[in-house]
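Peer 1: What follows is a predicted structure for the sequence shown.
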Amino acid sequence: MEEKRNSGMPEEEIALELKNLRVKFVLEQETVHAVNGIDIKLRKGHTLGLAGETGAGKTTTALSLLRLVPHPGKVECDKLEVAGKDVLSMSQKELQKFRGSDLAMIFQDPMTSLNPVFTVGQQIADTIMLHNPTTKEDAFKQAEKMLELVGIPAVRAVEYPHQFSGGMKQRVVIAIALACNPGVLIADEPTTALDVTIQAQVLAMMKKLRDERGMSMIMITHDLGIIADVCDEVAIMYAGRIVEYGTLRDVFNHTKHPYTEGLFNSLPNIRNREERLKPIPGLMPDPSKLPKGCAFAPRCQYATEACREKRPEERMVSDTHMVACTAYDDPDFRIHRPEKGGKNG
Amino acid sequence: MSRKKETRGSEELLVSRKYVRQSQLRIILHNLRKNKGAMIGLAIITILVLVSCFADVLFDYDTEIAGLDISQKLIRPCKEHLFGTDDLGRDIFKRVLYGARYSLGVGFAATMIGMAIGVVLGAIAGYYCGIAEDIIMRLNDVLSAVPSILMGIVIVSALGASTFNLMLAIGITSVPQFVRITRAAVLSVRNQEYVEALKATGMSEARIIAFHVIPNCLSPIIVQITLRIASAIIATSSLSFLGLGVPVPAPEWGSMLNLGRSYVRTASYLTIFPGIAILITVLAFNLLGDGLRDALDPKLRK
Amino acid sequence: MKKLLMVLLVIALATGLCFAGAASEKPAAAAAVEYKDTAVIGFQTKTSSISPPTQTSVMHRLFFNLTHDTLVDYSEETSSLVPGLAKEWKVSDDFRTWTFTLRDDVYFHNGEKFTADDVLFTWEYAKNDSGTNATVKTTYNKIEAVNVIDDTHVEIVLKNGDIDFLYTYSNESYSVLNREAVTADASKGPGIGTGPYMNDEFVASDHTTLQRWDKYWGGAAPTKTLEFRFISDATTRLAALEAGEIDVCQGPNNTEHSIIRGMDGIELYVCPGMNLTFLAFNSEVPALNDPNLRLAIAYAINNQEIIDGAASGVGSVSNGMWGFFTYGYYDDWAGAGLAAYQPTNLEKAKEYLAKSNYPNGGLKIRMTCNSAWTVGALQIIQAQLKALNIEVEVQQLDSAGFTSMTKAKEHEVVIQSAALTGAGGDMAKFFTAGNTANTATYNSEKVSELFKLAAVEKDDAKRQDYYKQIQVIIHEEAPYIPLYYAGTGVAYSKKVSGAVWNGSGKFDYSKVKVEK
Amino acid sequence: MLRYAIKRLLLMIPVIIGVSFLIFFIMDLAPGNIIDTKIAEENMTEEETELLREQYNLNGSMISRYFKYMGGLVRGDLGKSYITGKPVLESYLEKMPATIVLAAASILVSIIISIPLGIYSAIKRGTFTDNTCMVLSFLGLSIPNFWLGLMLIITIALNVKWIPTSGFRGLASVILPAITVGTGLTATLARTTRSSMLDVLNQDYLRTERAKGNSEFRVVMRFALVNALIPIITIAGGQFAACLGGSVLTETIFAWPGVGKLIIDSVNSRDVPMVVGCIIMKSFSIGLVVLGVDLLYAVIDPRIKAMYARGRRRSR
């Protein structure tokens, strides 16, 4: 693992690259288009935030990276490379070696993510044994060290999942994920099921581990606060497509896409109490009957005839900031949300 | 609870309401129809029921079913006698068809008796933990200690040998199984939050059990029903060995199996055809049972 | 006394045919034929005790015959009494005092010598022991005293004379026990006898193993160990014979006789049995207390069809409610001006029906049986009686339920089978009141009187005549309708020799040997 | 854990008392008694039957006979058989080894067939293989025991020398009876395996196991199966307990000295002490097995062990 980090090759800059990912679930009556063409480029040591309402296809995207999309999902992708390895062409054997060592994942609901009949220590040791096999005792010791790392006293390694609280369980899940020091970590709404105070501790711990190990990470969440706190770059997803992508400053301060604006308007503004919340009208579109043109058009206040007809292309508004919205064909189109702090604010 | 009617985006509302209007029953039937196995099972069962009802029309009981003719004894399956003739010269093909009503009746009715008693007791035991559970479960252990043959002897001798008493005897011996299965299922359902929620709404315990707890335990119960039907039909053959089965000369499959027992080596077709009839009936009930179980269980739905 | 023996010999010849092949004595085989030291026999009815006084069933008596001896033996080949432990015996004129001269070279399996005292002990022990069988106890109660004259002479005095006493006393249940053995061990002691084989292993309804008793007074038996395996299912028992696990398969399925004949290395031996299957009409039921109706039914039933249908043809038609081998058997009905029941005679049946209370039938009779085999027979009778417009309801009960119904006289007609013996007096139990075997609840002073007379009639011709009169009365009143004698079959490997097969099912294995 | 076991053992006493009373009552209800069995064997006069009634005190009421019997039971004496005169306990224990061997072998056969079948059809849910697996598991239940037994004897025992046709002679002799009984059990066990595996396969923690890099085989066979074991053990344990009660038909066909045949023969000959004694011993051994299965839950599922520790097992 050591030699990969400091090699200067530009490709090494990219920890994970995904091109044109499409996932659909073929059922008897209908076909659900969960993901409709997503590109992700994650640089080493960086954290990408993947935000969007439930049903936008976030988890499906994450699972596709590990090629764990359950039946009857169909995954099509032009390119998927993690740490320089082409995941698409991997055989089952190679995939098993790949999962957990190069790419690891943390799941949303800690209550059901741990195997109830094995001790916590065993489950961590099991992962270690899978990737760098050693003696049982040695693996168990490493597991205890991992528990300490995530803030759980090593002595509890012999206890069972039902003896841990929600927060502690999530720490165990994190320990399992990091046991083999993965290059990239995907966190699928790791703290959604936890209450706020525990949420802050878990996030702080994740940030510390990420910085110590120089790990790159994809943080999936619908909570913009977490993204602001943890991520370097942001991708806003809607109905299986990335509608806006850019650095934290790009998206937060120079919001371009009406849907992103809507998300911000749904957040209460502590400083200005009287401001009325402006929730986005309507519901997420039915993934099996996506409307023509822009999926957000039916709920977009700026929607024009063109929006409903043409599928918006991705447009670079700065070297790091992309938006996919037909309205911007008209150069002086602006959304209501004011830009803050000028170009580099 | 429903949102103000939105002019824009109305078609999404229409779209999402698609699932609301279909009633629960139509969804179940819809899923059932999808399951090919269940349809095959249903088809076989309807044929069997039809044959059972119209057997009197097809065959004249006295001459073709019960009438015996020693000269026609033990003829191997041939054109006139598709399944051959038995040791008393009676045509097996007609007896198997005619016997459908007995075996189907005994198998199904006995299981229903067992289920009715067993499910009620099991539900009570599972729902009211503590004393009620202990009493019912211990009584259940006591009842299950009685060998089914002893139960048969007592019921048939006390109430006389008739098809109904046979059903009663087999039904009662299958009660312990149903009690245990239902209790286990109710136990796991009882702890769900929605049962507490229902209690909070002040619904009476009986209604909670009848309309909310038991429907959720249908899956193991249906499986048990289909299994019990099989063992009920087979049980009639061991009971008829002791003369406790359907009164002679009724052509019940179980008793035909038993009569053909000493001919296993010389005239095996005496037992093969009733055996196949039982196999088909049991399979049909199980394919239907599986289909029903999967259709009813929301968890398993796609 | 000599006349008695002569008559018995005549009857024996008449039935001797079927026993001719009985003793399948191998012709002098090549000198160097070696024999196994164990013979394995598969049997069909379970046994539950090794103590002779406690059991009287055929299977038990087969074992007691091997392990014990009686003072006097009954030979089924010659249907006559032969010396056992008593060399000779004589009886007083009033048939009450029987004096026996005993052998002095007999030893029990525990080494004790056999003396007259053992005869006295057996009587005293069996009379009082709670386990003793009811009939055995009644017979012993008929004995007033057992006087030991000296070691080799003993006198048995009966309360009242009985010419047939030795027939009963020759039954294996009255085998002699050893005083020392029984007083030492109450459960194993009665198992110690003087027979050719010793009780070795006994597991109820599983297996019994007997070891040869070398100091047997009749000469040591050829095979060292006899193993009896209880295999209740006939098809499995036959398969065990085919697989060579057992050498003899008692009572194979009638339905499988055809395959056995096709098996190489295996012989099938069938002989008309001593068990008579018959119908009994409960005369306490008003409708059935009508000889004409019963005769109509007797003539309407076709016994041969029943044998073919219910017993796969293995059996012989019976024409009289009396053992064909039993003393005093009479079946020359034409001679007595009567018509035999069989072959079936529908006109005569209709004739009697017309004279009965149901001239054109139309009544319903409940016929009950206690085993799966006889259900078939009843179904055939059910079909046959349709000719007389008599409807038969077939009912099957398990054996205890069946006997409790007949004891309480709640039955109408029952189909039963009974093992008949050689003694004429033994038939009384069917025709005299107070016996559970009298399922027809038949009670006629004439018949009871005739039986009493016959029991003490010294003149043989008179005695025969009494029994003939009884059979004629029974034939005319028809409380019972005899159907058939079920054949007893045995399948055995060709390597087996020395075994004696006979109709009663009480085979004699004391001389059996099996080639290697 | 021990406290829970003791509590369950104590609970067995009322069951055994209940069983003894119910069987006594039912045997009294059944037509005929021991005397009728003896009459069936050979003729008896009125005096003889009266003599026997005294000997078995059948003139007294059923209740008085029951309390006399219970007097003996409390001292651990199960009484003597009317037919053989031997103590009931001795006759029962004489038949136990064969019964246990057959029960264990049958459960082994049932497990070897059902569990792979159940897992395979759970994985391939809804496909053609799923249905065929279930149909296969069903053959065992719909083929009558005696027919399968006889066919096995004729086809296999006659041609394979080292497999005996009948009787309890060493391990080779248990193969055919075990297949006959075992296949009868597969239907229930295979279905239970399938439904419990289906429940487990939906669980999230299997996704975690896959994300760790486990092979699909390990995910199903180690992680999923362990969690699905509880219902499987319940049914397998119940079947083993039922087999301990003996299987009459198979014992008859294979001349197997088992408890089932002993009980049914005693019922037929109305040998009341033997019937009551054997059934008490049978329920006792079944109770032990069921308790064993319950304790086994704790070994498998720590959540249940925790509940045991709190004394009363409130719910699974």
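Peer 2: Here it is on my side, so go on.
Peer 1: Make sure residue C:130 is actually in contact with residue D:56.
Peer 2: No: under the criterion of C-beta atoms under 8 Å, residue C:130 is not in contact with residue D:56, lying 10.1 Å apart. For every residue, glycine as well, the C-beta is placed using N, CA and C.
Peer 1: where are the low-confidence patches of the chain?
Peer 2: Let's take chain A. Residue ranges of chain A with pLDDT under 70: A:1-12, A:341-345.
Peer 1: Hmm, no, I was thinking of chain D.
Peer 2: Ranges of chain D meeting pLDDT under 70: D:308-316.
Peer 1: go with 80
Peer 2: Chain D contains residues with pLDDT under 80 at D:1, D:41-42, D:57, D:59-60, D:126-127, D:303-316.
Peer 1: Point to the residue nearest the middle of it.
Peer 2: Closest residue to the average C-alpha location of chain D: residue D:242 at 1.7 Å, with C-alpha atoms, centre = their mean.
Peer 1: Can you show me the strands along the stretch 101-250 of chain D?
Peer 2: Under the criterion DSSP state E, counting those that start in this stretch, the stretch 101-250 of chain D contains no strands.
Peer 1: sorry, back to before: got the phi and psi for the residue nearest to the residue nearest to the centre of chain D when sequence neighbours are not counted?
Peer 2: For residue D:242, ignoring the flanking residues on the chain, the nearest one in space by C-beta to C-beta, 6 or more residues apart in numbering or on different chains is residue D:286 at 7.6 Å. Reported as degrees, to the nearest 10, the phi and psi values for residue D:286 are phi -60, psi -40.
Peer 1: Hmm, residue D:286 is touching residue D:240, no?
Peer 2: No: at 9.1 Å, residue D:286 does not count as touching residue D:240 under the criterion of C-beta under 8 Å.
Peer 1: quick one, what contacts residue 188?
Peer 2: Reading this off chain A. A:58, A:59, A:62, A:105, A:106, A:107, A:108, A:220 (C-beta atoms under 8 Å, 6 or more residues apart in numbering or on different chains).
Peer 1: let's do chain C instead
Peer 2: Taking C-beta under 8 Å, 6+ apart, one finds C:181, C:199 in contact with residue C:188.
Peer 1: which residue does the stretch 101-250 of chain A bring closest to chain C?
Peer 2: Among the residues of the stretch 101-250 of chain A, residue A:117 lies closest to chain C, at 45.0 Å counting by C-beta to the nearest C-beta.
Peer 1: I'd guessed that residue sits against residue D:227; true?
Peer 2: Yes: with contacts counted by C-beta under 8 Å, residue A:117 reaches residue D:227, the gap being 5.9 Å.
Peer 1: More neighbours: which of those two?
Peer 2: More crowded of residue A:117 and residue D:227, by other C-beta atoms under 10 Å in any protein chain shown: residue D:227, with 21 against 18.
Peer 1: Pick out the residue of the stretch 101-250 of chain B closest to chain A.
Peer 2: Counting by C-beta to the nearest C-beta, the stretch 101-250 of chain B gets nearest chain A through residue B:193, at 13.5 Å.
Peer 1: Please name the nearest non-neighbouring residue to residue 161.
Peer 2: I'll assume chain A. Per C-beta to C-beta, 6+ apart, closest to residue A:161 is residue A:114, 4.0 Å.
Peer 1: actually chain D
Peer 2: residue C:243 (7.9 Å).
Peer 1: so who does that neighbour touch?
Peer 2: D:157, D:158, D:161, D:164, D:165.
Peer 1: which neighbours does the host helix or strand of residue A:49 have in its sheet, and in what orientation?
Peer 2: Using DSSP states H and E, residue A:49 sits in strand A:47-51. Using DSSP bridges, strand A:47-51 pairs in its sheet with strand A:216-221 (parallel), strand A:233-238 (parallel).
Peer 1: Can I take it that residue A:32 is in a strand?
Peer 2: Yes: assessed by DSSP: H, G, I helix; E, B strand; the rest coil, residue A:32 belongs to a strand.
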